[in-house]
Every structure is written in structure tokens, then in C-alpha cells.
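*Asks:* show me the folded form of this:
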Amino acid sequence: MALTDLAIRHARRLDKAYRLSDCHGLYLQVNPSGSKLWYLKFRFGNKENRMALGPYPLISLAQAREKQAEIRRLIYEGVNPAEKRREEKRGGVPLHTFESVAREWVASNLRWTPEHAKRVLRYFELYVFPTNGDRDITKLKVMDLLVPIKEVEKAGKLDVASRLQQRTACVMRYAVQNGIIDHTPAADLTGAVATAKVRHHPALDLHLIPNFLERIDDYKGRKLTQLAVKLALLLFIRSSELRFARWEEIDLDNDVDDPGRAEADSGRETLCPRREDALHASGTVVSPGKRSA
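*Replies:* Okay, the predicted model is just below:
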């Protein structure tokens, strides 16, 4: 039975708080002190919530019903009324933006090197944050997440677009794992970005190796480049492991290189026996590059 203003005015205080119910979750709580407060119970996302609507008689029965109707409209549109109220108190700034969660995710990867973390964050700053950085992560849909990725894809940067897709999915998964969102729309990003066709370079025939070594010796370009190629041939490591190598990765006592430290984010260890004729090349190559010197 719906409340009436007369019933509210004649409601007496008791030793314990009690409720006068209206309809659709709206009720008036009468406290032992005599105060009367409006509340609305509602469900959102399979969870029961309660919102205070103000005191009676400052908020009349008619006004409380108007607030109730507004809240029900928000729920129908898929908006959490409680979260909307908190956002309004913050001046319209979302509690969790995509940028804030992305930065948390990067910082949470403790096994990454500082250089790798900085590189991942830089990609977000260049391509994603300008579009989605200040967006409320709880409201992002698949199409929202795809907008910056598709722009990169249109520019022909397919490898960058693929990495952004993977890392965006990681950020959204991190949000789920930390209770920020219930489900991630990023699962539907799979297959949305074209992949670059990989072109593998052919292996060098065995009979061409002597000529290749002679050409390295006769190379007239930058000396560091010549020594780096020689060192790669002696150690059989990836070019990135050589380019980012540091002195702390080289064990002179045991004649072993550990270039795997340069890519700690890969989670693997690489140990390379170091030949005596690689010592001179190591001393020249494992040093600050031309641009950072």
C-alpha cells in the first residue's frame, strides 16, 4: 500500500528504527530520535544497493517519488546510480579512468625492466591516452577500445596496432582482477586488427660464409657496427640482447655472458659461453650507444 503524507506526519518514534514502505523500493525510515529519512533500495548488476534521498519534510513524498523515478530511469539505461552520485561529488571525474588503471597495470609488472615499462607506457601515451585516457573504464565498450587501435592500423603500423590490442586487453583484465569492472569487453578484440605478413630472411648458404666474413672485415662503415656483427656471430644471441647488453650481464670470471637480463620481462635466462676472441669486441660494443653517449 502506497504511503500518504498524512501517515508520514502521524508516524511516531519508537525505541527502534522502523520503516514505512511506499513502492518500488522507496521507504521512509523513522529513527528513535524522531528524524525521518528517505531511502531507496534497488538492484544493479545482481547486487542490492541502498541510496539516501534526504530527510522528511525537507524532501516531501512527491519529491522522493521523483528521485525514485530518476534513479529507475538511470538503471534502465544501464547506469549505476550510486556510481553516478560518487562521480558527481568528485566534480565529474571518474574514479577509475583507463589511464589511471593502465599506469597501475604497468607498475604492477615488477619483472619488467624500467626501460621496457617506460616503452610500454610511451605507446599508451602516444596512441591510446589521447582518445581513451580520461574515459571511465567501467563504461568503455568494445568499439571505444578499438577507436585508437584502428587509427594506428589505418596508418599502416600493424605491429604497433597488434601490441596495443594485446596490452589494452591486459589493462582490462587487470581491472577485472582488481574488482574495478565485472567483465572485460576486451575479449571481443581478438581478430579485430589485421596482422602483418611476416617475411623471413633466407639463411646464408654454407659456401657463402667465407665471403661474408671477408666483407665484414672489409666493412668501412661505423666500427661499432662491424664489431657488433662479429660479436653476434661468436655468441649466437638475438640482436636486441646484444644492443641492450650491459656490463653487469658479463661474468668475466666464468667466461659467461647473460644477455637474458636485458629482457627480464621475457622471463627467460640466456647464458652464452664467451670465447677469448670476443673479449675485445665486448669491451667496445657493451657501452653507451652513440645517441646516449
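*Asks:* where do the helices of this structure begin and end?
*Replies:* Assigned by DSSP state H, the helices in the chain fall at 5-9, 61-76, 81-89, 98-108, 114-123, 129-132, 142-154, 158-177, 209-217, 223-235, 239-243, 279-285.
*Asks:* lowest average pLDDT across those helices?
*Replies:* Comparing mean pLDDT over the helices of the chain, the weakest stretch is helix 279-285, at a mean of 54.
*Asks:* enumerate every residue touching the most centrally placed residue in the chain.
*Replies:* The residue lying closest to the centre of the chain (C-alpha atoms, centre = their mean) is V171, at 2.5 Å. Going by C-beta atoms under 8 Å, 6 or more residues apart in numbering, V171 touches F98, V101, A102, W105, A186. For every residue, glycine as well, the C-beta is placed using N, CA and C.
*Asks:* quick one on the thing from earlier: closest to D15 out of the helices of the chain?
*Replies:* helix 5-9 (19.7 Å; C-beta to C-beta).
*Asks:* residues touching the closest one, excluding its own?
*Replies:* With C-beta under 8 Å, 6+ apart, helix 5-9 has contacts from L20, L28, K36, Y56, S60, L61.
*Asks:* and with 10 Å instead?
*Replies:* Here helix 5-9 makes contact (C-beta atoms under 10 Å, 6 or more residues apart in numbering) with M1, L20, D22, L28, V30, K36, Y56, P57, S60, L61, A62, A64.
*Asks:* is it true that the last one touches M51?
*Replies:* So that's A64. No: judged on C-beta atoms under 10 Å, A64 makes no contact with M51 at a distance of 11.2 Å.
*Asks:* give the residues shared as contacts by these two.
*Replies:* Counting by C-beta under 10 Å, 6+ apart, the residues touching both A64 and M51 are W38, Y39, L40.
*Asks:* any idea which of the helices of the chain gets closest to V198?
*Replies:* Here helix 158-177 is closest among those (C-beta to C-beta), at 9.9 Å.
*Asks:* that closest one vs helix 142-154, what angle?
*Replies:* Orientation check (axes from the mean of the first three to the mean of the last three C-alpha atoms, to 10 degrees): helix 158-177 against helix 142-154 gives 160 degrees.
*Asks:* what's the angle between helix 158-177 and helix 114-123?
*Replies:* Going by the same axes, to 10 degrees, helix 158-177 makes 100 degrees with helix 114-123.
*Asks:* so which of the shared contacts of A64 and M51 is the most crowded?
*Replies:* When neighbours are counted by other C-beta atoms under 10 Å, W38 leads the shared contacts of A64 and M51 with 24 neighbours.
*Asks:* dig out what that one forms beta bridges with.
*Replies:* L28, G54 (DSSP bridges).
*Asks:* thinking it is in contact with Q63, fair?
*Replies:* Yes: here W38 reaches Q63: they are 8.6 Å apart, a contact under C-beta under 10 Å.
*Asks:* and for those two, which residues touch both?
*Replies:* What both W38 and Q63 touch, as defined by C-beta under 10 Å, 6+ apart, is the set L53, G54, Y56.
*Asks:* any idea how far the second one is from E87?
*Replies:* It stands for G54. G54 sits 19 Å away from E87, going by C-beta to C-beta, to the nearest Å.
*Asks:* quick check: closest non-adjacent residue to K41.
*Replies:* Leaving aside its sequence neighbours, K41 sits nearest to G25 (C-beta to C-beta, 6 or more residues apart in numbering; 4.0 Å).
*Asks:* residues contacting the one you found?
*Replies:* Y39, L40, K41, F42, R43, E48, N49, R50, M51, Q68, I71, R72.
*Asks:* give me the pLDDT value at it.
*Replies:* 90.
*Asks:* L271 now?
*Replies:* 49.
*Asks:* start and end of stretch 100-119, how far apart?
*Replies:* 17 Å (C-alpha to C-alpha, to the nearest Å).
*Asks:* re the thing from before, could I have the buried ones of the shared contacts of W38 and Q63 as ChimeraX selection syntax?
*Replies:* To isolate the buried ones among these in ChimeraX, judged by 16 or more other C-beta atoms under 10 Å, type:
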select :53,56
